[in-house]
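**Student:** pasting the sequence and the predicted coordinates here, then a few questions.
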Amino acid sequence: MTSITVFCGSKMGSDPAYAATAAALGRETAGRGIALVYGGGRLGLMGTLADAAVEAGGRVIGVIPRFLAKLEVEHDGLAELHQVGSMHERKNKMFELSDASVILPGGLGTLDEAMEIITWKQLQVHAKPVVVLNVAGYWDPLKALIDWTIENGFAHPKVRDLFSVVDTVDEVFPAIAAAPEPDIVVLNSHL
């Protein structure tokens, strides 16, 4: 593994643990010599994550839509900054540049990114590891929603295996290494 994408918020959130975890993950990627691919912003958890990785000597690659770059929210201290035409292009480029995805707390954009990367895995578009970093229980409602979709017959129970949920940065890379291949039944059960 040479790179990971991290999806996270452009705001700091209400719990200081979110920023502390983003910084710890940034330092951990740098310490492992793994390039960090993220949304290219300098604000919120995105900025905290990138700053920590850069300060620790890591390679950080940002991907930002032009309309956000025009608002001057892009990070100017990165190894690479790719400007793209849309949010969809951003997700696709981030996916192309990385070997795994990690999801930190965030808002609607992060929810969109998380669901798309998980759905792509369900559809067999990729088999890359996806890890949800459940800082202070932030993603507990997502886990409950996935269970709800299964209980109501809209998803196969093996969709739970499309991503791993961990509570600490120390668990992220072992979870990436242990991620199972997606079972074809999560696709075929819908056909």
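**Tutor:** Cool, the structure landed.
**Student:** all strands of the protein, in order?
**Tutor:** Shown for the chain, the strands assigned by DSSP state E span residues 3-7, 35-38, 60-65, 80-84, 101-103, 130-133, 164-166.
**Student:** got CSV for the ones you listed, with mean pLDDT too?
**Tutor:** Formatted as CSV, the strands of the chain follow (pLDDT from 0 to 100):
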stretch, mean pLDDT
strand 3-7, 98
strand 35-38, 98
strand 60-65, 97
strand 80-84, 97
strand 101-103, 98
strand 130-133, 98
strand 164-166, 98
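**Student:** format the ones you listed as a markdown table; extra columns: mean neighbour count.
**Tutor:** Where C-beta positions appear, they are placed from N, C-alpha and C, glycine not excepted. Below are those laid out as a markdown table (neighbours: other CB atoms under 10 Å):
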| stretch | mean neighbour count |
| --- | --- |
| strand 3-7 | 26 |
| strand 35-38 | 26 |
| strand 60-65 | 24 |
| strand 80-84 | 16 |
| strand 101-103 | 27 |
| strand 130-133 | 24 |
| strand 164-166 | 19 |
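**Student:** Gly26 is nearest to which of these?
**Tutor:** Closest approach to Gly26 among the strands of the chain (CB to CB): strand 35-38, 6.5 Å.
**Student:** the closest one pairs with which strands?
**Tutor:** Here strand 35-38 is paired, per DSSP bridges, with strand 3-7 (parallel), strand 60-65 (parallel).
**Student:** so Ala17 sits against Asn134, correct?
**Tutor:** No. Judged on CB atoms under 8 Å, Ala17 makes no contact with Asn134 at a distance of 10.9 Å.
**Student:** so for these two, which residue has more residues nearby?
**Tutor:** Counted by other CB atoms under 10 Å, Ala17 and Asn134 do not tie: Asn134 has more neighbours, with 21 against 14.
**Student:** for Leu36, see how far away Gly44 is.
**Tutor:** For Gly44, the distance to Leu36 equals 15 Å [CB to CB, to the nearest Å].
**Student:** and Asp99, by the same measure?
**Tutor:** Distance of Asp99 to Leu36, given as CB to CB: 12 Å.
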